[in-house]
Structure formats: structure tokens, C-alpha cells
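K.L.:
fold the following for me, if possible:
(chains A and B)
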Amino acid sequence: ELKVEQNPLFLSMQEGKNYTIYCNYSTTSDRLYWYRQDPGKSLESLFVLLSNGAVKQEGRLMASLDTKARLSTLHITAAVHDLSATYFCAVDVGLGGTSYGKLTFGQGTILTVHP
Amino acid sequence: NAGVTQTPKFQVLKTGQSMTLQCAQDMNHNSMYWYRQDPGMGLRLIYYSASEGTTDKGEVPNGYNVSRLNKREFSLRLESAAPSQTSVYFCASNIKRAQGQGGETQYFGPGTRLLVL
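P.N.:
Alright, predicted model coming up:
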């Protein structure tokens, strides 16, 4: 059974600081997704990582995937208040170009950015 | 395009009542999914439909049934609601590509908040 664990689960940051959210998973996979959720809202896709060593960047967020370590990271650079949200990673057990489409989500990391 | 739409937005049920949650997408996606979200547990897959005419169980299917009515619509039914089914339900869709064509992120609807008393 695939398990996906995020840490930390709660993250309180000061504006301007850097931090990393970690996503570990238990079964071999080479496709991982990051989503953002604002309170009371739906999920918004941030990044799709489809191979070992994949790195994607959008604004102050950068995501990477190490399939050998079964680890993805979401790095936040110079945090701003607008980044306050819950961040989820999700793993698709598909491998080698096959997408099964069944996502297993981490518990989510609640990020709060303070002035 | 409206994307993924869900009805109703909110619902209160009494234990034992039944209801159907509706989901529709206008992005011509072939795969659709139902998730539930509970505090501290992320999202868990209830059922999914890889293509029109097929459905399959996810991680937590007990107490639910689904119908893929056509390519656009995928409904979730609670036959006899229980308090443990109090949750936020999300429908999602994507294009499920053939082998070798890479992954495709899922697009989520706004959610249905269900309270079972």
C-alpha cells in the first residue's frame, strides 16, 4: 500500500524567509504532483514532476523529484503572505510512462506566512 | 469553459437518508474521480472512472456507489448516509494518456460540503 508523508504538517514562516516542505512516499513511482488549497476552496495544480531529477519553478516556489530517494521537495524562497495556504503532494503509482491516474495524497502542510 | 462543476455546494442529511452528488466537466476529459477530504488526512480516493463506461474502487469505497452517466458526468451516491460520511467531497477529471505519453494533472471541482446528523 502506497503511503505518502509530508513534513512539516504545520509551518509558520516570516515574510522574506526560505523554507522547504518534504514529501516522502513508500512505493516506486516517477510521477508526483503538487497542489495548493486556500481555506474553503478547491485544489489548484502547482507542479507536475514526471521523472527522476525533474525540477519545476514558478515564482517563489520550486519543486523537485528524487525517485531513488522517493522524495519530493517544495522550496519556498523569500516567502510572502500570499503564499499562505495548504500544500499537498500526491503520488501516482504509475511507472515508466504509464499513468494509472490514481493519486495518493499526503496529509497536507498548512503554511502561514507572517509579516 | 466552466471546468469541473459540482452540485450541491452544501447538504445536510439525517442518518439513513440517501442522496446523489453530481459532477460534470466540459474539458473533454476521459477520466473522472471522486475524493473525500477529512481534516488532517488529505484527500482519499473513493471511486474513479478511467473512461466512459468503466468505474473502479479507490481507497475508501464502502458506503458509496457511482455512475458514469456519459463522458461529461460522474455521480456519487450515498444510499444510507452515516455520520462517518460527513466530509467535503471533491470531483476531479483529467486526460488519461496512453503509455509513454506522460502524466496529466487532475482538475478539481469546488467541492460539496456534506453534514450527516
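K.L.:
and A:L43, how many neighbours?
P.N.:
By the criterion of other C-beta atoms under 10 Å in any protein chain shown, A:L43 has 25 neighbours. C-beta: built from backbone N, CA, C; applies to glycine.
K.L.:
residues contacting it?
P.N.:
A:L43 sits next to A:35-37, A:88, B:43, B:90, B:92, B:108 when contact means C-beta atoms under 8 Å, 6 or more residues apart in numbering or on different chains.
K.L.:
in the chain, which helix or strand is least confident?
P.N.:
No chain was given, so I picked chain A. For chain A, counting by mean pLDDT, DSSP states H and E, strand A:103-105 ranks last in confidence among helices and strands (a mean of 92).
K.L.:
my question was about chain B, not that one.
P.N.:
Least confident helix or strand of chain B, by mean pLDDT, DSSP H and E, is strand B:56-57 with a mean of 90.
K.L.:
other SSEs contacting the least confident helix or strand of chain A?
P.N.:
Applying 3 or more C-beta pairs under 8 Å, 6 or more residues apart in numbering or on different chains; DSSP states H and E, we find strand A:103-105 packed against strand A:85-92, strand B:43-49.
K.L.:
what sits up against it?
P.N.:
If you take C-beta under 8 Å, 6+ apart as the criterion, strand A:103-105 is touched by A:2-4, A:25, A:33, A:88-93, B:33, B:42-45, B:59, B:106.
K.L.:
show me which residues of chain B sit near chain A.
P.N.:
Residues of chain B that fall close to chain A, judged by C-beta under 8 Å from any C-beta of the partner chain: B:31, B:33, B:40-45, B:48, B:50, B:58-59, B:90, B:92, B:94, B:96-97, B:99-111.
K.L.:
so which of those belong to helices?
P.N.:
Using DSSP state H to define helices, no part of the residues of chain B next to chain A is located there.
K.L.:
the strands in chain A, which residues?
P.N.:
With DSSP state E as the criterion, chain A has strands at A:4-7, A:10-14, A:19-25, A:32-37, A:43-49, A:55-58, A:61-66, A:71-76, A:85-92, A:103-105, A:109-114.
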